[in-house]
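when you get a sec, could you give me coordinates for this:
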Amino acid sequence: MATLSLTQFLTLDGVIQAPGGPDEDRSSGFEHGGWSVPFGDEDFGQRITEIFARPTAFLLGRHTYDIFAGYWPKHTDPTDPVASKLNALPKYVATTTLTSADWENTTLLRGDVVEEVAALKERIDGEIQMHGSAGLARTLLDHDLIDTLHLHVFPVVLGTGRRLFSEGVRPTAFRLTDARVSSTGVALHTYELAGRPTYGSY
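Now for the predicted structure:
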């Protein structure tokens, strides 16, 4: 049985929208795209290389798939730790609108996403990785289907934009298993699913 991990970039106020460029996602008039780029450094690159050394497959939401499919197939350097994995390994896309996918080794999951992902985890081994795909991630978090969170928290506040942990998210406990800080101040944290929260009083 596979585990499912999510790698997500967040601001200090929890925004996950358009970290990689101004035109990545301008929905709802978002004007702060590209906020993660100034913080890239060797530490952050090493973290990404470590994450991409592990997957056996990828699970993507429709919007993230469109972004990735428009970029990574054009990068064919076999020594690139990200491109080599994304182009070679199986990719599963949760979608109700796509009818076909041109990127090699892509399979569309067009049924009930919770059932599809649960079945996918049962039938393959290793680590399935999600990157971005916040809408899909939110649904899977609410059904305890994401086992590991790699949260990269950038030292910037935007005040607007879509968030992963928004009102109504299912109360869930996680266990911190790794914590580092890049030279530019990005907090690189890994959490493992630990069940429901417990409560007390001071």
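
mind checking what secondary structure His63 has?
State at His63, reduced to three classes by DSSP: H, G, I helix; E, B strand; the rest coil: helix.

next one: Asp13
With three-state DSSP as the criterion, Asp13 reads coil.

give the contact list for it.
Val157, Leu158, Gly159, Arg163 (Cβ atoms under 8 Å, 6 or more residues apart in numbering). Quick note: C-beta positions are derived from backbone N, CA and C, even for glycine.

let's see it at 6 Å
Val157 (Cβ atoms under 6 Å, 6 or more residues apart in numbering).

the residue nearest the centre of the chain and Ala88, how far apart?
The residue lying closest to the centre of the chain (Cα atoms, centre = their mean) is His131, at 2.5 Å. Here the distance between His131 and Ala88 works out to 16 Å (Cβ to Cβ, to the nearest Å).

need the helices for this structure, in chain order.
42-52, 62-69, 83-88, 113-123, 134-141 (DSSP state H).

so the fourth one versus helix 134-141, what angle?
Here helix 113-123 points in a direction 70 degrees away from that of helix 134-141 (axes from the mean of the first three to the mean of the last three Cα atoms, to 10 degrees).

which residues does helix 113-123 contact?
Met1, Ala2, Ala94, Leu109, His143, Leu145.

can you give the distance from it to the centre of its chain?
Mean C-alpha position of helix 113-123 versus that of the full chain (Cα atoms, centre = their mean, to the nearest Å) differs by 17 Å.

and it, C-alpha only, in PDB?
Extracted in PDB, the C-alpha atoms of helix 113-123 (Å, rounded to 0.1, in the frame of the first residue of the first chain):
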ATOM      1  CA  VAL A 113     -12.100  11.400  -6.100                       C
ATOM      2  CA  VAL A 114     -12.100  10.000  -2.500                       C
ATOM      3  CA  GLU A 115     -12.800   6.400  -3.800                       C
ATOM      4  CA  GLU A 116     -10.400   6.700  -6.600                       C
ATOM      5  CA  VAL A 117      -7.500   7.900  -4.400                       C
ATOM      6  CA  ALA A 118      -8.200   5.300  -1.700                       C
ATOM      7  CA  ALA A 119      -8.100   2.600  -4.400                       C
ATOM      8  CA  LEU A 120      -5.000   4.000  -5.900                       C
ATOM      9  CA  LYS A 121      -3.200   3.900  -2.600                       C
ATOM     10  CA  GLU A 122      -4.200   0.300  -2.200                       C
ATOM     11  CA  ARG A 123      -3.000  -0.900  -5.500                       C
END
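
which members of the contacts of helix 113-123 are classed as buried?
Ala2, Ala94, Leu109, Leu145 (16 or more other Cβ atoms under 10 Å).

any idea how far the closest residue to the third one other than its chain neighbours lies from Leu136?
Using Cβ to Cβ, 6 or more residues apart in numbering and skipping the chain neighbours, the partner closest in space to Leu109 is Glu116 (4.2 Å). The spacing between Glu116 and Leu136, counted by Cβ to Cβ, is 11 Å.

isn't Asp178 right up against Thr190?
Yes. When contacts are counted by Cβ atoms under 6 Å, Asp178 is listed as touching Thr190 (3.9 Å).

so which of these two has more stuff around it?
Thr190 (19 against 13; other Cβ atoms under 10 Å).

this completes my enquiry, with thanks.
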